[in-house]
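Participant: Turn this into a structure:
(one chain, ligands or ions: 1)
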Amino acid sequence: MNYLNERINQIIGWVRSQIIIESKHIDNIFYAPCDYKGIGHEAPADGWKPQTTREDLQDNIPAGGSKTRFGEYHAWFKAEVTIPENMKGKHVELCVRSMRMANPQYIVYLDGKTMQGVDSNHESFPIDSNKDSYELTVYGFSGRPADLFLNAELQLIDTDSRNLYYDLRVPFEVMGYLPFEGKEYCEIRTALNNAINCLDLRDRGSEEYSESVKAAIENLRTEFYEKKCGEQMANVVCIGHSHIDTAWLWPFRQTEEKCQRTFSTAVNMMKEYPEYKFITSQPQQFKYIKELEPELYDEIQAMVKSGNWEIEGAMWVEPDCNLSSGESLCRQLLHGKRFMKEEFGVDSKILWLPDVFGYSAALPQILQKAGVTRFVTSKISWNETNTLPCDVFMWQGIDGTEILSYFLTAQDYDPREKLRNGTTYNGNISARQIRGTWERFQQKELSNEVINTFGFGDGGGGPTREMMEVGRRLEKGIPGCPTVTFEKAGDFLDRMEESVKDNRFTPKWVGELYLEYHRGTYTSIAKNKRNNRKSEFLYENTEATSVMANVLADVEYPKAMLSDGWEKICLNQFHDVIPGSSIKEVYDDSDIIYADIMGKANAAKSAAETAIAAKITTDGGLLVFNPNSFEASGLVDTEKGKVWVEGIPAKGYKVVALPEVCGCVKVCEECRMIENAFITVKFDENWNIASIWDKKAEREVVKAGEVGNRLTAYEDIPRNWDAWEITNYYTEKSWNLDEVTAVRVIRNGEIAGFEIERPFQKSKVVQKITLDAHTAKIDFDTFIDWKNDHILLKTAFPTEITSDKATYDIQYGSVERPTHYNTSWEQAKFEVCAHKYADLSEYNYGVAIMNDCKYGHDIHGGVIRLTLLKSATHPNPAADKEEHNFVYSLVPHTGDYRQAGIVKEAYLLNNPMTAQTIGAQQGTLADSYSLVSVDRDNVYVEAIKEAEDSDAIIVRLYDAYNTTAKVNVTFGFDVAKVEYASILEEAQEEIAVADNKVALTVKPFEIVTLKVTRK
Ligand SMILES: [Zn+2]
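Facilitator: Got it, this is the predicted structure:
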């Protein structure tokens, strides 16, 4: 047994200890407490005090911003730094100490110029030692004031020792996992041992030592790196990255600082390492930099031009893709790609979502129609049950569109262990991880290249110099480890595209990329789910109404306000905000943002409606606006309560006579029954629904022996990631909310039923369960005052329907999912996401559930469940312990969801018509109008807006039934030209217009965008 490997290890340590030749501490530091610094880096003119002790800082630096549980303390520091004579002209580094993983973090300026961020991974950087002195200014952030204490020094570096250290260490690490005493192992060991035999360690720091270091480097270069290294089994493309969550365990404004620090570090490192490439997404973060650090922004623009900085990702932020609506995803791309193009001249082609909690099957089409052809993530590797069998594949969406998709495969290699499912987007350049990234890749027959995104995220500052130094050695191709190259993700994907094209081994994944994890994010923080849904509809409605007011009453279209509002909706869809996984402060901020944008949109919409109303010629009555794209009949609120109006034109208005209230819904308290012409609903002694009798179909809806709308509180103590998770054992312990404290008969115009109040410990649920006279729909208008935590609240409707699949509304279409647990893949889908409705149908009969702001569903074995609340305590102890208002509805129906018009009903629930009384008046407008209409039930128009760059009108419609249909689209204004357009509003093929009408063929689940030029 020889111990040469241990000798090598010992001597690597000795060489490392020789890297810093001398340190000079920086004294006479002054500090000035501050709040968030705002724009630029102007340190305050006065208020400076000498920095003495940590205790002094602890006592004298007040909290800034709103103090989060992590604290938000800031201070400026300054000092005069003189370069000692013996360091002049040599390699000198400025080292600013950080203490712990998270804090403190600094931005360092020399002579007023941004140098780089400092955190525990990035403490030193080279400076020009030819100058006599610098004015050092530092802006610091920390969670505790004492931690801000600035501890800085100048270091004289022995670059030869440093180079030798990495030359030795990297092959030594490769040896670490190679088969002991195998050929490659022995070759490396011999080479390293020979090299260290060149070293003279007797008088370290001496001339002899320095010469021997040079000799050892030269020996390694000629005998090892040149002779033994070269092309290896595979290539790992390394691109620097720092995944910065736009808000999470910190508020948005701290993200602004994280970006300043991380991005300035990246720029500074690019100057040192010309081969270094760095990829960033999320234009929102660039917008922060543009505003707050304009000089840094200019440097980033230059680095994008030089090819070092890759701007990709296509969307405004990295949004949640379960909850965001179809139109929201379009706006993410519209805002994201426009910014990248305008600011950086980049046409982003990659949807870069490494950390998002599942990917809707609507995405491939939406991406392709926005000119995005590739998709990259790693999150599906977090699946707790199944491993997806492919890492590169064509991903096919609901309409058949296919997108090249790639999963990051970075994980550390350990030959003694089986490969794991989990991979990381916070990668590292180490021998183990470079090998592991390749080993974990499942499509080796398609490509011998994989990608590794290396760098610390979330304020860890991104890639380090150490990673670059290791990468430089691995670039040479060390035996036993894949070769490293530094390239852009786009270039790598260009080659991957060539490899998979027309290759019979290329896998295809059809349908959603469901994440078998984080299922609680469909429900956590209910208020944000509600604000999101309401904002999405409000902004679409305000756009359409503003176009209408422009067409009919010449009211100026509020383009800037609407664009800004959508940007904020997109921001709040960030993948830790809308999922409910952030701290309380983030939701305090998003409350303010939503209130602001909803206030502005409501005012604009109301002004538009008022301007239109003023011009209508009418004998008076009820002016009803219908924001939906079909001629609608339904309930509106009036002074008489809810009344039924009929035949209101699509995306238009009509003046109708104020309808009479028929009072046709029978309510009987003694017999616990509500009844209309369509159904009879009977309640049991606990006021749960014992029976729903469908009079037309002559059948019972509620499963025999069961009850409907039973509210159940499940113990919700997930195995980890509290706010994110529902673990499938949640069903083990539960309590039915069968107790009733009050029942009242209620009538509101056309609707009638019962108001039922139930306690649950200190919480309270009040439901208005009502029917109207015109449909078989049962509404559950719900108020909850919630005070519990670690409870998952669900409602359940056991039905008599037998079907092995259910249909769930998603973005611009729907998906079917199994209703059984046959395989592990189906078992994993015990909770799924749907938007406005879900439907369980057998041949010719079914039951739909609709909601106005809920997303978590599960339909299994004939039982339809909707998840109403999840009240986690981490990371937000206050989560969901507040008042909630929402509506869900149950609709028994003949036919399937299409024949029963469930999509329309779901739109009406979410996007109700509105009414106002109007007196007799003379004007220029008719008393009935439709802005845009279609003549097919399966086609729905969502967006009607003015184009971002012109006064053309953008109309977006889609097929909701998975069918091909010829459809006529009629415009309520004079049309000069209609063209197909991309989601980015670029005109494509022209369509013939006749009588302000176009005829289109819309394919299954197809999204069609039209660019309409007015006469
Ligand atoms: Zn993230």
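Participant: In three-state terms, label the residue of the stretch 151-300 of the chain found nearest the ion for me.
Facilitator: Using CB to the ion, the single residue of the stretch 151-300 of the chain nearest to the ion is residue 245, 4.3 Å away. Yep, even glycine has a C-beta here, placed from its N, CA and C like the rest. For residue 245, the assignment made with DSSP: H, G, I helix; E, B strand; the rest coil gives coil.
Participant: Just give me the neighbour total for it.
Facilitator: Neighbour count of residue 245, defined by other CB atoms under 10 Å: 23.
Participant: what sits against it?
Facilitator: Residue 245 makes contacts with 255, 355, 457-458, 574-576, as judged by CB atoms under 8 Å, 6 or more residues apart in numbering.
Participant: Go again with 6 Å.
Facilitator: Applying CB atoms under 6 Å, 6 or more residues apart in numbering, we find residue 245 in contact with 458, 576.
Participant: Just to confirm, what confidence does the model report for it?
Facilitator: pLDDT, residue 245: 97.
Participant: can you check residue 204 too?
Facilitator: pLDDT, residue 204: 88.
Participant: go on, residue 101?
Facilitator: Reading off the model, residue 101 has pLDDT 56.
Participant: chain center to whichever helix or strand residue 433 is part of: distance?
Facilitator: Assigned by DSSP states H and E, residue 433 belongs to helix 431-439. Relative to its chain's centre, helix 431-439 lies at 28 Å (CA atoms, centre = their mean, to the nearest Å).
Participant: what's it packed up against?
Facilitator: Contact here means 3 or more CB pairs under 6 Å, 6 or more residues apart in numbering; DSSP states H and E; on that basis helix 431-439 packs against strand 235-241, strand 449-454.
Participant: So which elements touch the longest strand seen in the chain?
Facilitator: Counting residues, the longest strand found in the chain (DSSP state E) is strand 883-894. Using 3+ CB pairs under 6 Å, 6+ apart, the elements in contact with strand 883-894 are strand 778-785, strand 845-851.
Participant: Phi and psi next, for whatever residue of the chain ends up closest to the ion.
Facilitator: Using CB to the ion, the closest approach of the chain to the ion is made by residue 355 at 3.4 Å. Main-chain torsions, residue 355, degrees, to the nearest 10: phi -130, psi 30.
Participant: Kindly format the C-alpha coordinates of the lowest-mean-pLDDT helix or strand in the chain as CSV.
Facilitator: Ranked by mean pLDDT, DSSP states H and E, the weakest helix or strand in the chain is helix 54-60, scoring a mean of 91. Extracted in CSV, the C-alpha atoms of helix 54-60 (Å, rounded to 0.1, in the frame of the first residue of the first chain):
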residue,chain,number,x,y,z
ARG,A,54,-19.8,45.6,16.2
GLU,A,55,-21.8,46.7,19.3
ASP,A,56,-21.7,50.3,18.1
LEU,A,57,-23.2,49.2,14.7
GLN,A,58,-25.8,47.1,16.5
ASP,A,59,-26.9,50.1,18.5
ASN,A,60,-26.8,52.7,15.8
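Participant: near the ion at all, the helix or strand that residue 586 is a member of?
Facilitator: Per DSSP H and E, residue 586 falls inside helix 584-613. No: looking at helix 584-613 against the ion by CB under 5 Å from the ion, there are no contacts, and the closest approach is 13.0 Å.
Participant: tell me which strands and helices the next helix or strand after that helix is in contact with?
Facilitator: Downstream of helix 584-613, the first helix or strand assigned by DSSP H and E is strand 621-626. The contact analysis (3+ CB pairs under 6 Å, 6+ apart) places strand 621-626 against strand 641-648, strand 652-656, strand 914-918.
Participant: Looking at those strands, which is nearest to residue 449?
Facilitator: strand 652-656 (55.3 Å; CB to CB).
Participant: Which residues belonging to that closest one are considered buried?
Facilitator: 652-656 (16 or more other CB atoms under 10 Å).
Participant: Number of residues surrounding residue 772?
Facilitator: Residue 772: 24 neighbours (other CB under 10 Å).
Participant: er, residue 363 actually
Facilitator: 26.
Participant: Please apply the same query to residue 995.
Facilitator: When neighbours are counted by other CB under 10 Å, residue 995 comes out with 9.
Participant: Distance-wise, check it relative to residue 946.
Facilitator: 23 Å (CB to CB, to the nearest Å).
Participant: if we can go back for a sec, what does the average pLDDT come to for the helix holding residue 433?
Facilitator: 98.
Participant: before we move on, what about stretch 14-22?
Facilitator: 97.
Participant: who's in contact with it?
Facilitator: 155-156, 158, 161-162, 164-165, 204.
Participant: thinking again about what came up before, contacts for the longest strand of the chain, please.
Facilitator: With CB under 6 Å, 6+ apart, strand 883-894 has contacts from 526, 694, 697, 701, 776-785, 797, 845-853, 866, 900, 909.
Participant: can you give me the angle it makes with strand 778-785?
Facilitator: Put simply, strand 883-894 runs at 160 degrees to strand 778-785, going by axes from the mean of the first three to the mean of the last three CA atoms, to 10 degrees.
Participant: With only the CA atoms kept, save strand 883-894 in PDB.
Facilitator: Only the C-alpha atoms of strand 883-894 are listed here, as PDB (Å, rounded to 0.1, in the frame of the first residue of the first chain):
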ATOM      1  CA  GLU A 883     -61.400  36.400   5.800                       C
ATOM      2  CA  HIS A 884     -62.100  34.800   2.500                       C
ATOM      3  CA  ASN A 885     -64.800  35.300  -0.100                       C
ATOM      4  CA  PHE A 886     -65.300  33.000  -3.100                       C
ATOM      5  CA  VAL A 887     -68.000  31.200  -5.100                       C
ATOM      6  CA  TYR A 888     -68.100  27.700  -6.500                       C
ATOM      7  CA  SER A 889     -70.900  26.100  -8.400                       C
ATOM      8  CA  LEU A 890     -72.100  22.600  -9.200                       C
ATOM      9  CA  VAL A 891     -73.800  22.000 -12.500                       C
ATOM     10  CA  PRO A 892     -75.400  18.600 -13.200                       C
ATOM     11  CA  HIS A 893     -76.000  18.400 -16.900                       C
ATOM     12  CA  THR A 894     -77.000  16.100 -19.800                       C
END
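Participant: Pull out the buried positions in it.
Facilitator: Buried, per 16+ other CB under 10 Å, within strand 883-894: 884, 886-893.
Participant: CSV for those, including distance to the ion?
Facilitator: Formatted as CSV, the buried residues of strand 883-894 follow (distance: CB to the ion, whole Å):
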residue, distance to the ion
884, 27
886, 28
887, 32
888, 30
889, 35
890, 36
891, 37
892, 42
893, 41
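Participant: what distance separates stretch 778-797 from the middle of the whole chain?
Facilitator: 26 Å.
Participant: Check stretch 754-764 too.
Facilitator: The answer for stretch 754-764 is 35 Å, by CA atoms, centre = their mean.
Participant: same deal with stretch 474-488?
Facilitator: With CA atoms, centre = their mean, you get 32 Å for stretch 474-488.
Participant: repeat for stretch 243-255
Facilitator: With CA atoms, centre = their mean, you get 12 Å for stretch 243-255.
Participant: then that stretch to CSV, C-alphas only?
Facilitator: Output in CSV follows, covering the C-alpha atoms of stretch 243-255 (Å, rounded to 0.1, in the frame of the first residue of the first chain):
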residue,chain,number,x,y,z
HIS,A,243,-31.3,31.8,-10.0
ILE,A,244,-32.6,34.9,-8.3
ASP,A,245,-36.1,34.6,-7.0
THR,A,246,-37.9,37.9,-7.7
ALA,A,247,-39.4,37.6,-4.2
TRP,A,248,-39.5,34.7,-1.7
LEU,A,249,-37.9,34.8,1.8
TRP,A,250,-37.3,38.6,1.1
PRO,A,251,-39.5,41.3,-0.4
PHE,A,252,-39.3,42.6,-4.0
ARG,A,253,-37.1,45.5,-3.0
GLN,A,254,-34.4,43.2,-1.6
THR,A,255,-34.4,41.4,-5.0
